[in-house]
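Trainee: pasting the sequence and the predicted model now:
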Protein chains: 2
Amino acid sequence: MVVYAGQGDARRSMSLLWRGAADEAKAGVKGGLSLDAIVDAAIGVADEHGMAALSMRAVGERLGRTAMALYTYVPNKAELIDLMYDKVLGELPGDYPLDGGWRPALTTWARDTRAFYLWHPWVLQVSQARPALGPNEFRMLETLLRILRETGLDVQVLRGVVGAVVQFVRGSADVIADVRRAARDTGVGDEEWWFARSPVLEEVAPDFAARFPLATWLGGMEAPAEDDCTPYLEREAEWNFTVGLDVLLDGIEATIARSVG
Amino acid sequence: MVVYAGQGDARRSMSLLWRGAADEAKAGVKGGLSLDAIVDAAIGVADEHGMAALSMRAVGERLGRTAMALYTYVPNKAELIDLMYDKVLGELPGDYPLDGGWRPALTTWARDTRAFYLWHPWVLQVSQARPALGPNEFRMLETLLRILRETGLDVQVLRGVVGAVVQFVRGSADVIADVRRAARDTGVGDEEWWFARSPVLEEVAPDFAARFPLATWLGGMEAPAEDDCTPYLEREAEWNFTVGLDVLLDGIEATIARSVG
DNA sequence: CGGTGTTCTTTAGGGCGTAAAGTGCGGGCG
DNA sequence: CGCCCGCACTTTACGCCCTAAAGAACACCG
């Protein structure tokens, strides 16, 4: 489930996104509802039950109204998602100390951002193709650019680096979010799931090890389980994130070195 | 729209995925349909109209049947998607010459894989959390591992590198696929879309350049338009891919150098 | 006090996946 | 040969979804 934004009246969407705190004063006639309340309720639904459970009915119900009641304040569901998206992006930290140079700052930024995505996993399901162009989206970009500017890289190259970093963080979070979603939506844990399939795989593909020797090799050498409370896949993802981030940052350093030398 | 797999009877799913060419001989009583025909039709629908348009009704219609006719061959929609996924993965090349070492091979692999994703963009919408465990999925992994083994990296580190590479390629393709999807589904081209929003943004956020100086700076310095036939965003994405891939590969080289030295 | 505008509900229509029950045919067995 | 079982397929139906359109209830202004 991916949703695009910015279809309706451009002016209407944008003013909803950039509206100051002033506009919300005029409580409606019957008073109960407000745009903020709706967006908050929607965020609550998405946080608790996932994007798939975000329906106009569900949001309305959480506010003691019907689905149609929301349409007075919000043109349609896509627009509501844009508002949720931009509002929740406001939770991201906006400043990172650059005393130690770009590398530690970028590392912290990456960890923070990944943690944020895992806190609101539904954000990963909002399409990036047609960004909502809300204030917090730009704030997030600005924060990252303040760090990456320190690399002194050329603008063209910097654009590529920004893309690579953002993609890496988003992708890393997506893997974990996906696993958790699957576990919740299906009610089947990872280990359970694997233990049900692994024997069947051997049975149905007896020549597996011969056909896929390297995959077998990689699958066999599993990371040692130090901390047994976090599930296996998440530990693995954590490790992949750490290694991948280091590789990426090394790459950036190498790029800087080359552009200078 | 993301779909998980592997819920139903594990044995049934797996045997559908790993079934040899033998099983398909026995044409049914009324004969018309077959599992292969259904999977092909489904792939056709997804290729032509996107994952969102993939409904049991649509697949049935393409075969001149009703939606329910499919349920004789396929347990449910999720399972059908698994079969589509694994079948289409069969189109990926399986061998890359390693004469020049891992780097050129990996570069080609990355480009090929990204091209594949763009050829069947709906593949990007199949959840990775609960892999279908089909043969072609393993074949793809095996191909990548044959290349990356040449780096000589430790298994633990290699796992992280595999993750980073796969994520990067997938993410890069996803950005473009997303843009194209949005353009098709909404019927609004990128430039059209931007030209409708850009003036409104200035109007609704007059202090934009002051609040987000770096974003303004990055947005202003646009890549020179050499080739006018490919749309702007795709050219940009192409550039990001090239730069990002180089950065990533530099990072891998740095990691190798450190692990040796 | 009556009109007017806003909020919210009701109803309805077209989509989805799929459970359950009904139809009609080919092939195996008596 | 004839009957009937089982399979392929269709019909119907249920419960979700988004949202257009129209109706009801209320506050406020003139």
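Mentor: Nice, thanks for sending it over.
Trainee: return the residues in contact with A:Asp174.
Mentor: Counting by Cβ atoms under 8 Å, 6 or more residues apart in numbering or on different chains, A:Asp174 touches A:Tyr117, A:Leu124. C-beta: built from backbone N, CA, C; applies to glycine.
Trainee: if I look at it, how far off is A:Gly101?
Mentor: Distance of A:Asp174 to A:Gly101, computed by Cβ to Cβ, to the nearest Å: 29 Å.
Trainee: go ahead and confirm A:Gly244 touches B:Val166.
Mentor: No: counting by Cβ atoms under 8 Å, A:Gly244 does not reach B:Val166; the two are 9.9 Å apart.
Trainee: more neighbours: which of these two?
Mentor: A:Gly244 (27 against 20; other Cβ atoms under 10 Å in any protein chain shown).
Trainee: find the helix or strand that A:Thr108 is a member of.
Mentor: Applying DSSP states H and E as the criterion places A:Thr108 in helix A:102-119.
Trainee: near chain B, anything from that helix?
Mentor: No: using Cβ under 8 Å from any Cβ of the partner chain, helix A:102-119 stays clear of chain B, with a minimum separation of 12.2 Å.
Trainee: and that helix, what other elements does it pack with?
Mentor: Applying 3 or more Cβ pairs under 8 Å, 6 or more residues apart in numbering or on different chains; DSSP states H and E, one finds that helix A:102-119 contacts helix A:135-148, helix A:155-186, helix A:232-260.
Trainee: can we see that at 10 Å?
Mentor: helix A:77-89, helix A:135-148, helix A:155-186, helix A:232-260 (3 or more Cβ pairs under 10 Å, 6 or more residues apart in numbering or on different chains; DSSP states H and E).
Trainee: buried sites along the shortest one?
Mentor: Right, the one you point to is helix A:77-89. Residues of helix A:77-89 classed as buried by neighbour count (16 or more other Cβ atoms under 10 Å in any protein chain shown): A:77-89.
Trainee: what's A:Cys229 in contact with, if anything?
Mentor: By Cβ atoms under 10 Å, 6 or more residues apart in numbering or on different chains, the contact list for A:Cys229 reads A:Arg235.
Trainee: in the stretch 151-261 of chain A, which residue sits nearest DNA strand D?
Mentor: In the stretch 151-261 of chain A, the residue found nearest to DNA strand D is A:Asp185; the distance is 14.1 Å by Cβ to the nearest atom of the strand.
Trainee: how close does that residue get to A:Ile252?
Mentor: Relative to A:Ile252, A:Asp185 is positioned 37 Å away (Cβ to Cβ).
Trainee: quick revisit: near DNA strand D too, which of the buried residues of helix A:77-89?
Mentor: Subset of the buried residues of helix A:77-89 in contact with DNA strand D: A:Lys77, A:Ala78, counting by Cβ under 7 Å from any atom of the strand.
Trainee: from the middle of its chain, how far away would stretch A:51-68 be?
Mentor: Distance of stretch A:51-68 from the chain centroid (Cα atoms, centre = their mean, to the nearest Å) equals 23 Å.
Trainee: likewise for stretch A:102-121?
Mentor: Its chain's average C-alpha position is 10 Å from that of stretch A:102-121, according to Cα atoms, centre = their mean.
Trainee: what's the answer for stretch A:137-149, then?
Mentor: 16 Å.
Trainee: having no further points to raise, I will conclude here.
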